Every structure is written in structure tokens, then in C-alpha cells.
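Q: With the input below, show me the fold.
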Amino acid sequence: MEVTKQQRAFYRKLYLGWLVTQEEHSATSLQKLTGMPRRTIQDTLKDMSDIGISLHFQQIEGGRHNAGFYVLESWGPIRPEWISANLPQIEQALEISTEAG
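A: So this is what the prediction gives:
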């Protein structure tokens with residue numbers, strides 16, 4: 001599957017958004033699950049609003065600095081059903097093999 005840089009960035013946003021809706025994830029847990037570099041994950045999550053996805057980091061009260069998880073507030077114009085139905089193709093395009101889903 002030939003994927004452009006722009007397609008890969010788009011799929012990465014969809015994929016990380018989908019993972020965040022499946023269970024509580026921090027940048028560290030997403031890194032362990034996907035094998036993506038931490039900086040890539042942080043940049044991708046920061047830029048989700050570019051495609052209309054709204055998410056925030058939920059700090060754990062009383063936890064150490066940066067203890068918490070990401071919460072997806074809105075998919076915006078994205079249909080999460082499409083992501084679920086096309087997950088194998090998205091994982092293939094991103095060269096990711098996980099047990100998620």
C-alpha cells in the first residue's frame with residue numbers, strides 16, 4: 001500500500017483518536033502500544049484540531065506531574081464507524097500491528 005506523507009499524517013490522527021476512545025491512554029501508553037516515537041504522538045495529538053477532532057488531557061487529581069490520560073471530546077466531521085471498519089488498512093498504512101480493537 002503506497003501512502004503519501006499527508007495520508008500518513010491523517011491516518012495517524014484518526015488512529016490515535018480511535019485508540020483514545022478505546023481505553024484511557026497517556027502519550028507513554030500510546031507509544032508502547034503503537035511503537036511510534038513519543039514526539040510524533042505528542043505532535044499528532046496537539047494537531048488533532050486540524051481535522052476537527054477535539055481532545056484534551058485529563059490530569060489525575062493528586063497524581064504526579066503529567067499523570068493522566070487523553071479524552072476525545074468530539075470527532076467533529078469524522079465518522080468513527082469508518083475508522084473501526086477500516087482499522088486493518090489504517091494499521092497497514094501506518095505500519096502498525098497492535099492487539100487493540
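
Q: In contact with the residue minimising distance to the centre of the chain, which residues?
A: Nearest to the mean C-alpha position of the chain, by CA atoms, centre = their mean, lies L16 at 1.0 Å. Counting by CB atoms under 8 Å, 6 or more residues apart in numbering, L16 touches L30, T34, I41, T44, L45, M48. Where C-beta positions appear, they are placed from N, C-alpha and C, glycine not excepted.

Q: Phi, psi for it please.
A: Backbone torsions for L16, taken as degrees, to the nearest 10, come to phi -60, psi -40.

Q: wait, doesn't F57 sit right on E73?
A: No - using CB atoms under 8 Å, F57 is not in contact with E73; the gap is 11.3 Å.

Q: Neighbour count: those two, which is higher?
A: F57 (12 against 9; other CB atoms under 10 Å).

Q: Look at that one and give its secondary structure.
A: At F57, secondary structure determined by DSSP: H, G, I helix; E, B strand; the rest coil is strand.

Q: per-residue pLDDT, it?
A: F57 is assigned 94 on the pLDDT scale.

Q: Next: S97.
A: For S97, the predicted pLDDT is 73.

Q: Same check on the one 4 residues further on?
A: For G101, the pLDDT comes out at 43.

Q: Could you do E61 as well?
A: Listed pLDDT for E61 reads 79.

Q: any idea how far it lies from K5?
A: Distance, E61 to K5, by CB to CB, to the nearest Å: 39 Å.

Q: mind listing the strands for this structure?
A: Ranges of strands in the chain, per DSSP state E, are 54-59, 68-74.

Q: Which of these has the highest mean neighbour count?
A: strand 68-74 (a mean of 15; mean count of other CB atoms under 10 Å).

Q: partners of it, with directions?
A: strand 54-59 (antiparallel) (DSSP bridges).
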